[in-house]
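S.K.: Here is my input, please return the structure:
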Amino acid sequence: MEEALHFFRIYEMWMYVILALAGLVYVRKFILAWEELRRAAFGLERESAQSHLNQSTGMLVLLFVMAVAVFVLVSFVAPAFPASNPLLTPTMDILASPTITLMGETSEDGMEASTAEALSLTATAQVVGEGCVPGQIMLTEPIDGTDVSGVIVVQGTADIQNFGFYKYEIARPGETIWLTIQAGREIKQESELGQWDTRTLAPGDYMLRLVVTDNQGESLEPCVIRVRVNNPSEP
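M.R.: As a prediction, this is how the structure comes out:
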């Protein structure tokens, strides 16, 4: 079961692409069958056209059900099975500009000032906190910049006009691919959004973001925070 869910999570986008292409094929067949049915003048012609129309309709319904099934498995079922989550490993950002600290003084105060400046420059390289709006879209637990380990409870607010659903995701700093942890369709006000099992992740810094989407499918700017996964190593 977990291997199957892992497969769905990895190839989710390809499945949507294949289903969409198949859908276009059967939409074309549906249109042709509909035109054939309208032009049919005799009983046998109408029966043949109706059969083609029914087949196309059935395949379109089947493809839609398959797409919904993939979405449900990836967004709601897979997060409940930690082993199905792809293991994120540290990656080196070769495009990142290094932080250079000039040690003009050798005194302890000078070293502390230079270190603080370097940390400040590094922290501002990744924008954190944008999109967080109290009372609408907000992550309150874990707190930005804290260490996390084990299974934690993610708390916050997901309450916008025409609310549709919310989801929270993780990624390494600088990465553009986000891994969905869990999703929900209930409005939340400073309450539990779900859980996050950090034991499957390699230690290090991660970005955690909350994405809220309205009932028209439009997503607001996500609320993003940074946390450090620090699970104790097994003996």
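S.K.: How is this structure partitioned into domains?
M.R.: 2-84, 137-229 (automatic domain parsing).
S.K.: and these, which one is worst for confidence?
M.R.: For the domains of the chain, the bottom mean pLDDT is recorded on domain 2-84, which sits at a mean of 82.
S.K.: Just say helix, strand or coil for the residue nearest to the spatial centre of the chain.
M.R.: Centroid check for the chain by Cα atoms, centre = their mean gives Thr180 as the closest residue, at 3.5 Å. What DSSP: H, G, I helix; E, B strand; the rest coil gives for Thr180 is strand.
S.K.: Find the nearest non-adjacent residue to it, please.
M.R.: In this structure, Thr180 finds its nearest non-sequential neighbour in Glu169, 5.0 Å apart by Cβ to Cβ, 6 or more residues apart in numbering. C-beta here means a position set from N, CA and C on the backbone, and glycine is covered the same way.
S.K.: returning to what we had before: was I right about the residue nearest to the centre of the chain contacting Ser75?
M.R.: Yes. In this structure, Thr180 is within contact of Ser75 by Cβ atoms under 8 Å, at 6.0 Å.
S.K.: what about the helix or strand harbouring the residue nearest to Thr180, distance to the chain center?
M.R.: According to DSSP states H and E, Glu169 maps onto strand 163-171. Strand 163-171 sits 7 Å away from the centroid of its parent chain (Cα atoms, centre = their mean, to the nearest Å).
S.K.: give me every residue that touches Asp159.
M.R.: Residues in contact with Asp159 (Cβ atoms under 8 Å, 6 or more residues apart in numbering) are Gly135, Gln136, Ile137, Ile187, Lys188, Gln189.
S.K.: The last one falls within a helix, correct?
M.R.: Spelled out, that is Gln189. No. Gln189 sits outside any helix when classified using three-state DSSP, being strand.
S.K.: What's the local residue count around it?
M.R.: 11 (other Cβ atoms under 10 Å).
S.K.: Could you pull up phi and psi at the residue of the chain most remote from its centre?
M.R.: Going by Cα atoms, centre = their mean, the residue of the chain most distant from its centre is Phe42, 53.2 Å out. Phi and psi for Phe42, reported as degrees, to the nearest 10, are phi -110, psi 160.
S.K.: With Gly194 instead?
M.R.: Residue torsions, per degrees, to the nearest 10, at Gly194 are phi 160, psi -170.
S.K.: Checking Gly174 next. Helix, strand or coil?
M.R.: coil.
S.K.: can you give me the helices for this protein?
M.R.: 2-10, 12-39, 43-72, 108-123 (DSSP state H).
S.K.: contacting residues around the closest residue to Val224 other than its chain neighbours?
M.R.: Spatial nearest neighbour of Val224, chain neighbours left out: Arg209 (4.3 Å); criterion: Cβ to Cβ, 6+ apart. In this structure, Arg209 makes contact with Gly131, Leu139, Tyr168, Glu169, Ile170, Ala171, Trp178, Pro222, Cys223, Val224, Ile225, judged by Cβ under 8 Å, 6+ apart.
S.K.: same check, this time on Ile31
M.R.: Counted by Cβ under 8 Å, 6+ apart, Ile31 has zero contacts.
S.K.: Against Leu24, how distant is it?
M.R.: 11 Å (Cβ to Cβ, to the nearest Å).
S.K.: ditto for Trp196
M.R.: From Trp196 to Leu24 the distance is 38 Å (Cβ to Cβ).
S.K.: Of those two, give the one with the bigger neighbour count.
M.R.: Using other Cβ under 10 Å, the more surrounded residue of Trp196 and Leu24 is Trp196, with 24 against 10.
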